[in-house]
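>>> With the input below, show me the fold.
(one chain, ligands or ions: 1)
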Amino acid sequence: MFDNLSERLERSFKILKGEGKITEINVAETLKDVRKALLDADVNYKVAKTFTDTVKEKALGQNVLTAVKPSQLMVKIVHDELTQLMGGETAEIDLEGKPAVILMSGLQGSGKTTFSGKLARMLKTKKNKKPLLVACDVYRPAAIEQLCVLAEQIGVPIYSEPDSKNPVKIAENAIQEAKAKGYDVVIVDTAGRLAVDEEMMNEIAAIKKAINPNEILFVVDSMTGQDAVNTAKEFNERLDFNGVVLTKLDGDTRGGAALSIRSVVNKPIKFVGTGEKLDAIDQFHPSRMSDRILG
Ligand code: GDP
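Model (predicted):
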């Protein structure tokens, strides 16, 4: 992501060799570099500023231990702060209840349907759950077809009503079916639009109200940079979702979205998508993401 941020820090602190303390001037210079690297990586301006202010506070006045170079201490402070900014710990999903209900939200093309399949597969193979996939996109027959294909690949049943135009009813019926047949987790894939619109928001808000899900996950393409943050904000204001799924992290993304989304909407990133295949899913580990950022 931010290639060689560590190296940039090393360079900035070379001047400090032999000194026991990081001076305010050195810190200011270095933090300029850090902020620039964050902005280059598409991190929201305000988030980058708050971040560097916090790092500055921590760094100033900290005596550098004899065994540790100032640059290394600085890298550690930056690493720890990045980790904190992304939530510190890995956030789990709530699977209480029978069935637990997970509602997917997000724009079309963000990777919702693919992620629904990935999550179902993960719950089945790693957590020994019996998931049911639900196709609630009543506008695009191809979307139902896509979910059917995924479901077949992973050997998970799917609930759909191809002739229905009522996604709220479909979701409610699916939950009844899950109760009757003993499924543990119902994963509801919903319609997405190319941009946030009122009709789409009303529809998913109505589904939320009707089925009262354990989790609403907001799925977002990490390649979309600042737009990802704005979309997250709009969905969160409307749906008050529980967590974020950051897809396409395998691509050429700078990953700024990971940093910004958490602090802008104050919701944890729970999963990442790292490829088109159905096993390309990971829980989100803030510390590992910081490692990756620092290179
Ligand atoms: P939806 O419209 O939100 O349901 O999005 P889809 O699940 O149909 O995904 C849109 C496209 O993104 C498809 O071509 C997927 O194969 C691709 N995709 C989804 N997740 C990932 C990911 O983590 N990495 C990559 N490289 N591609 C992905």
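
>>> which residues touch residue 154?
Contacts of residue 154 were listed using CB atoms under 8 Å, 6 or more residues apart in numbering, and they are 117, 120, 121, 124, 278. Glycine gets a C-beta too; all of them are placed from N, C-alpha and C.

>>> Swap in 6 Å and give it another go.
By CB atoms under 6 Å, 6 or more residues apart in numbering, the contact list for residue 154 reads 121, 278.

>>> count of neighbours near the residue in the chain positioned nearest to the ligand?
Going by CB to the nearest ligand atom, the ligand is nearest to residue 273 of the chain, at 2.8 Å. Number of residues near residue 273 (other CB atoms under 10 Å) recorded here: 26.

>>> Give me every residue in the stretch 101-250 of the chain lying close to the ligand.
106, 108, 109, 110, 111, 112, 113, 114, 192, 247, 248, 250 (CB under 6 Å from any ligand atom).

>>> Now list the buried members of these.
Those of those that meet the buried threshold are 106, 108, 110, 111, 112, 113, 114, 192, 247, 248, by 16 or more other CB atoms under 10 Å.

>>> before we move on, the earlier item: dump the residues of the stretch 101-250 of the chain next to the ligand into TSV; add secondary structure as well.
What follows is these, written out as TSV (DSSP: H, G, I helix; E, B strand; the rest coil):
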residue	secondary structure
106	coil
108	coil
109	coil
110	coil
111	coil
112	helix
113	helix
114	helix
192	coil
247	strand
248	coil
250	coil
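
>>> and the least confident of the buried ones among the residues of the stretch 101-250 of the chain next to the ligand?
Lowest pLDDT of those: residue 192, 88.

>>> For it, give me phi and psi.
phi -120, psi 150 (degrees, to the nearest 10).

>>> If we ignore the residues flanking it in sequence, what's nearest it?
residue 108 (3.6 Å; CB to CB, 6 or more residues apart in numbering).

>>> which residues does that neighbour contact?
Taking CB under 6 Å, 6+ apart as the test, what residue 108 contacts is 192, 193, 194.

>>> On the pLDDT front, check the last one for me.
The model reports residue 194 with a pLDDT of 84.

>>> Apart from its chain neighbours, what residue comes closest to it?
residue 108 (5.5 Å).

>>> Show me what counts as buried in stretch 180-198.
183, 184, 185, 186, 187, 188, 189, 190, 191, 192.

>>> I figured residue 285 was touching residue 89, is that so?
No. Here residue 285 does not reach residue 89: they are 8.9 Å apart, not a contact under CB atoms under 6 Å.

>>> those strands in this protein, which residues are they?
Assigned by DSSP state E, the strands in the chain fall at 100-105, 131-136, 158-159, 185-190, 215-221, 243-247, 269-273, 281-283.

>>> what angle separates the longest one from strand 185-190?
Counting by axes from the mean of the first three to the mean of the last three CA atoms, to 10 degrees, strand 215-221 points 50 degrees away from the direction of strand 185-190.

>>> do the first one as well
For the pair strand 100-105 and strand 185-190, the angle between their directions (the same axes, to 10 degrees) equals 20 degrees.

>>> and strand 100-105, what does it pack onto?
For strand 100-105, the packing partners by 3 or more CB pairs under 6 Å, 6 or more residues apart in numbering; DSSP states H and E come out as strand 185-190, strand 215-221.

>>> let's see it at 10 Å
In terms of contacts (3 or more CB pairs under 10 Å, 6 or more residues apart in numbering; DSSP states H and E), strand 100-105 is packed against helix 112-127, strand 131-136, helix 167-181, strand 185-190, helix 198-211, strand 215-221, helix 225-239, strand 243-247.

>>> Kindly report the same for the second one.
Other helices and strands packing on strand 131-136, by 3+ CB pairs under 10 Å, 6+ apart, are strand 100-105, helix 112-127, helix 141-154, strand 158-159, helix 167-181, strand 185-190, helix 198-211.

>>> Just checking: what are the partner strands of the first one?
Applying DSSP bridges to the sheet, strand 100-105 is found paired with strand 185-190 (parallel), strand 215-221 (parallel).

>>> Dump those into JSON lines; add mean pLDDT as well.
Shown next, in JSON lines, are the strands paired with strand 100-105 (pLDDT from 0 to 100):
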{"stretch": "strand 185-190", "mean pLDDT": "97"}
{"stretch": "strand 215-221", "mean pLDDT": "97"}
